[in-house]
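1. Prediction below, plus the sequence it came from.
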Amino acid sequence: GAGVSQTPSNKVTEKGKYVELRCDPISGHTALYWYRQSLGQGPEFLIYFQGTGAADDSGLPNDRFFAVRPEGSVSTLKIQRTERGDSAVYLCASSLSSTGRPNEQFFGPGTRLTVL
Amino acid sequence: AQTVTQSQPEMSVQEAETVTLSCTYDTSESDYYLFWYKQPPSRQMILVIRQEAYKQQNATENRFSVNFQKAAKSFSLKISDSQLGDAAMYFCAYRSPGTYKYIFGTGTRLKVLA
């Protein structure tokens, strides 16, 4: 079947604008993660969904960042009033339920966000 | 808080040779999970191998194996018979059993020379 997909693959925006990044997980995967990867760094955890609910949003850097997963499948990461420091690759990953022993995460190709 | 350190920003290996990538971590927990991920230029991360801390036996997956030294908090990845397709960024990651958060190191870029 299809893997994790993310749209758009690249997004260029201006400082202060609002952006939405979309993630389509593998069908049947209840767990969904968002990460941010800055240049030369490893992925940084942002938020984890189990089904429709955010089980852990402790990685969101501030209240400009918000994510939803209303039907337990597609997720959208929303960034308000973007800043140049938000420029990074945003990765999404999904897995079977992540409670207990962790199942393998399958990553999407990421969205490269550039804030001018 | 847990941390993961990869002290080798870049490594090179001749095709068909063996290379070892280093990873150390800091934790006060006794049970946890460790992972190695590969990220090729396409950006799509792929799980290479995983190790559960309560298992003493080192994990192996074909040409990939780990040297897990729990007391030393070390988790190195050995790639045998290196192939051109192994060229990528490699990330070491840690996860506690009671959380969903993965902590990644800064990565090691592996170059494979023909």
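-> Cool, the structure landed. Numbers count the residues shown, from 1 in each chain, chains lettered A, B, ... in the order given.
2. Distance check, the closest residue to chain B within chain A against B:A114.
-> Nearest residue of chain A to chain B, counting by Cβ to the nearest Cβ: A:G42, 3.2 Å away. For every residue, glycine as well, the C-beta is placed using N, CA and C. Here the distance between A:G42 and B:A114 works out to 28 Å (Cβ to Cβ, to the nearest Å).
3. neighbour-wise, which of those two wins?
-> Shown here are A:G42 and B:A114; by other Cβ atoms under 10 Å in any protein chain shown, A:G42 has more neighbours (22 against 6).
4. Run a quick check on the more buried one versus B:Y102, I expect a contact.
-> No: with contact defined as Cβ atoms under 8 Å, A:G42 does not count as touching B:Y102 (9.4 Å).
5. residues shared between the contacts of the two?
-> Residues touching both A:G42 and B:Y102 by Cβ atoms under 8 Å, 6 or more residues apart in numbering or on different chains: B:A93.
6. Near chain B, which residues of chain A? Just list them.
-> Residues of chain A found near chain B (Cβ under 8 Å from any Cβ of the partner chain) are A:3, A:31, A:33, A:40-45, A:48, A:50, A:55-56, A:58-59, A:89, A:91, A:93, A:98, A:100-102, A:104-105, A:107-110.
7. Paired strands for the lowest-mean-pLDDT helix or strand in chain B, with orientation please.
-> In chain B, no helix or strand scores lower on mean pLDDT, DSSP states H and E than strand B:60-61, which sits at a mean of 92. Strand B:60-61 has the following sheet partners, assigned by DSSP bridges: strand B:64-69 (antiparallel).
8. relative to its centroid, which residue of chain B is most remote?
-> B:A114 (23.0 Å; Cα atoms, centre = their mean).
9. Please name the nearest non-neighbouring residue to that residue.
-> Nearest in space to B:A114, with sequence neighbours left out and distances taken as Cβ to Cβ, 6 or more residues apart in numbering or on different chains, is B:E15 at 5.4 Å.
10. Distance of the one you found relative to B:I79?
-> 11 Å.
11. swap in A:Q41?
-> A:Q41 sits 22 Å away from B:I79, going by Cβ to Cβ.
12. Pick out the residue of chain B closest to chain A.
-> Across chain B, the shortest distance to chain A (Cβ to the nearest Cβ) belongs to B:F104, at 3.2 Å.
13. quick one: that residue and B:A93 touch, right?
-> Yes: here B:F104 lies in contact with B:A93, judged by Cβ under 8 Å, at a distance of 4.7 Å.
14. Could you name every residue contacting both of the two?
-> A:G42, B:V4, B:Y37.
15. List the residues that contact the first one.
-> By Cβ under 8 Å, 6+ apart, the contact set of A:G42 is B:V4, B:F91, B:A93, B:F104, B:G105, B:T106, B:G107.
16. Apart from its neighbours in sequence, what residue is nearest it?
-> Spatial nearest neighbour of A:G42, chain neighbours left out: B:F104 (3.2 Å); criterion: Cβ to Cβ, 6+ apart.
17. Just the element for the closest residue to A:D56 other than its chain neighbours, please.
-> Among residues not flanking A:D56 along the chain, A:Y48 sits closest, at 4.4 Å (Cβ to Cβ, 6+ apart). Per DSSP states H and E: A:Y48 is located in strand A:44-50.
18. Run through the residues that contact the residue nearest the centre of chain B.
-> Centroid-nearest residue in chain B, with Cα atoms, centre = their mean: B:W36, separated by 3.3 Å. By Cβ under 8 Å, 6+ apart, the contact set of B:W36 is B:21, B:23, B:47-50, B:64, B:66, B:75, B:77, B:90-93.
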